[in-house]
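# Provided below for reference: sequence and predicted model.
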Amino acid sequence: MDTLGQWLEKQYRRAAIAMLRSISPVGIIKTRPGFGQTVRPCKGSVVASPVLAGYDPDPDYFFHWYRDSAVVMDALRLLFEEGAVGAAALEHVADFVRFSGSLAQLDGRRLTATTAWRAQVAADFLKFLRTDADLQAVHGAAITAETRVNPDGTLDISSWPRPQHDGPALRALTLMRWARSAPLEAPLRADLSALIRADLEFIARYWREPSFDIWEEEKGLHYYTLCVAAAALQEGAGWLELGEDGQKAAAYRSQANLIRLMLDGFWLPDAGYYRSRLLDSGDPSTKELDIAVILAAIHAEQSGAHSVHDLRMHATLSKLESLFDDAYPINRARAAQTRPAMGRYAGDVYYSGGAYYFSTLGAAEFCFRAARGARDQQQWFERGDAFLQTVRRYTPPDGAMSEQFDQRTGAQTSAKELAWSYASFISCVSARRALVGRAC
């Protein structure tokens, strides 16, 4: 039987191949008969899953989510830096920048100018459509606040939770990292810079405004969204200073500091964790203890408070472990060398309600990142490996990773071949390699 390290190397290669299928999937045509749509993806689009489904029973994830696409393109950067993908990665970045930039031209008012497209929608699907009033407002900055678009570069016409503010921050972070690590040609660098500037301007203008959470379920102010916004503005300040735009850099850095002060208020000392949200309604949420807080730390990649080295973040991870250890049947008889399979929050009812690959991998990556420079480095490393043993336990021999694995049986469920699951595996292994060297 393979050692954990040997399995990680094999699964890393499988994850890379599988994730690449979601980037520029121009050979896949998606039909949505109920909506009267035929979607032919453009180069540069990134679908959350390349597997065609229509809630039959698997969900339809053939969309370009702003958040998911940024996470995937950041994982592609890691593959490029580690030599797993060559020049093709640079072509994907160029296509991604062009596609993302083109979305600014979308305008929902054009859709309301005609009723022809609504006439193509089946009667029992009309209830799922966006209203004309909603579409009338979708132009300019509102395009950046869209949750997702079709991979052919058209608006999502379905009534879906929006606005969503985490995508622009993640995209800006991803593109700034690409700008630092890759030899980009001048035209691409100019387009990339324009997109980064636009995203930073959006963040600076709208970070105080409520939006939907990372799971697209509740509207309010969210730890994850604010954390990645602060990171993007902080890194953006340094990036702008290189371009001798010191005045705007100072403004962004000041706003990043304000956001971090706000994040301090998410700490619940009596409960012992960072809460994930403050709802727009003012009502309490049952989802305050949420893996999104841990994902915020690893996606933001900052230091100090609200990072993987924050003791309050460590306490939050421990609370989450206890939550899922008790809640999920698959965790009750787990082997001693494993850690709990992790979900999103208590009482999740989406498909199996967890566990999620990206949640469990996110916990593992957090441990590897926390180990860097820590006095108890070995303990953190072993903790991360224990989470990976759990991932290994519930990954089939062919390496396929769906969105979830059932909390009772461990069977894969929800969206198949989820690009985010593969991206999480790649970033987790990359963080582990930073501790142990190139080979796992």
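Alright, I've got the coordinates. Numbering: from 1, shown residues only.

# quick one: contacts for the nearest residue to residue 227 once chain neighbours are set aside?
Excluding the flanking residues, the one nearest residue 227 by CB to CB, 6 or more residues apart in numbering is residue 296, at 3.8 Å. Yep, even glycine has a C-beta here, placed from its N, CA and C like the rest. Residues in contact with residue 296, defined by CB atoms under 8 Å, 6 or more residues apart in numbering, are 223-224, 227-228, 306.

# got a list of what the closest residue in space to residue 235 that isn't next to it in sequence touches?
Computed as CB to CB, 6+ apart, the closest residue to residue 235 that is not its neighbour in sequence is residue 176, at 5.4 Å. Each residue near residue 176 by CB under 8 Å, 6+ apart is listed here: 196, 232, 235-236, 239.

# 10 Å - rerun?
192-193, 196, 199-200, 231-232, 235-236, 238-239 (CB atoms under 10 Å, 6 or more residues apart in numbering).

# and it, how far from residue 77?
11 Å (CB to CB, to the nearest Å).

# repeat that for residue 224.
Residue 224 is 21 Å from residue 77, by CB to CB.

# quick one: which of these two has more around it?
residue 224 (26 against 22; other CB atoms under 10 Å).

# OK, contacts around that one?
So residue 224 contacts 67, 166, 169-170, 213-215, 276-277, 290-297, 299-300 (CB under 10 Å, 6+ apart).

# same question, residue 300
Taking CB under 10 Å, 6+ apart, we find residue 300 in contact with 169-170, 173, 224, 226-232, 234-235, 306-308.

# try it again at 7 Å.
If a contact means CB atoms under 7 Å, 6 or more residues apart in numbering, then residue 300 has 227-228, 231 as its contacts.

# against residue 205, how distant is the nearest residue to it once chain neighbours are set aside?
In this structure, residue 300 finds its nearest non-sequential neighbour in residue 231, 3.7 Å apart by CB to CB, 6+ apart. For residue 231, the distance to residue 205 equals 17 Å [CB to CB].

# okay, these two: which has more neighbours?
Taking other CB under 10 Å, residue 231 and residue 205 do not tie; residue 231 has more neighbours (26 against 12).

# wait, that one touches residue 302, no?
Yes. Using CB atoms under 7 Å, residue 231 makes contact with residue 302 at a distance of 5.1 Å.

# let me see the ranges of the strands in the stretch 201-350 of the chain.
Using DSSP state E, counting those that start in this stretch, the strands of the stretch 201-350 of the chain run over 211-212, 219-222, 267-268, 273-274, 277-279.

# from the ones you listed, which stretch is densest packed?
strand 273-274 (a mean of 25; mean count of other CB atoms under 10 Å).

# so what strands line up beside it?
Applying DSSP bridges to the sheet, strand 273-274 is found paired with strand 267-268 (antiparallel).

# and the contacts of the partner strand?
Contacts for strand 267-268 (CB under 7 Å, 6+ apart): 274-275, 312.

# need the pLDDT of the residue nearest to residue 300.
In this model, residue 231 is scored at 98, pLDDT.

# now for it: which residues touch it?
So residue 231 contacts 173, 300-302 (CB under 7 Å, 6+ apart).

# tell me which element residue 38 falls in.
In the assignment (DSSP states H and E), residue 38 maps to strand 37-39.

# what's the spacing between that strand and its chain's center?
25 Å (CA atoms, centre = their mean, to the nearest Å).

# which element follows it toward the C-terminus?
strand 64-65.

# mean confidence for that next one?
In this model, strand 64-65 carries a mean pLDDT of 98.

# who does that strand pair with, and is each partner parallel or antiparallel?
According to DSSP bridges, strand 64-65 has the following sheet partners: strand 148-149 (antiparallel).

# now do the helix or strand following the strand it pairs with, average pLDDT.
The C-terminal neighbour of strand 148-149 among helices and strands, as given by DSSP H and E, is helix 166-181. Averaged over helix 166-181, pLDDT sits at 97.

# can I get helix 166-181 as CSV, trimmed to CA atoms?
Extracted in CSV, the C-alpha atoms of helix 166-181 (Å, rounded to 0.1, in the frame of the first residue of the first chain):
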residue,chain,number,x,y,z
ASP,A,166,-15.8,38.1,-2.5
GLY,A,167,-15.1,37.4,-6.1
PRO,A,168,-13.4,40.7,-7.0
ALA,A,169,-11.1,40.5,-4.0
LEU,A,170,-10.1,36.9,-4.8
ARG,A,171,-9.5,37.8,-8.5
ALA,A,172,-7.3,40.8,-7.6
LEU,A,173,-5.3,38.6,-5.2
THR,A,174,-4.9,35.9,-7.8
LEU,A,175,-3.8,38.3,-10.5
MET,A,176,-1.4,40.2,-8.3
ARG,A,177,0.3,36.8,-7.4
TRP,A,178,0.5,35.9,-11.1
ALA,A,179,2.0,39.3,-11.9
ARG,A,180,4.8,38.6,-9.3
SER,A,181,5.5,35.0,-10.3
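
# now do the contacts for residue 389.
By CB under 7 Å, 6+ apart, the neighbours of residue 389 are 4, 337-338.

# show me those that map onto helices.
Judged by DSSP state H, helices contain the following of the contacts of residue 389: residue 4.

# let me have the contacts of residue 389 in TSV, extended by distance to residue 422.
What follows is the contacts of residue 389, written out as TSV (distance: CB to CB, whole Å):
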residue	distance to residue 422
4	18
337	24
338	21
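
# ok, how many other residues are close to residue 134?
Using other CB under 10 Å: residue 134 sits among 15 other residues.

# mind checking how far it is from residue 63?
Counting by CB to CB, the gap from residue 134 to residue 63 is 17 Å.
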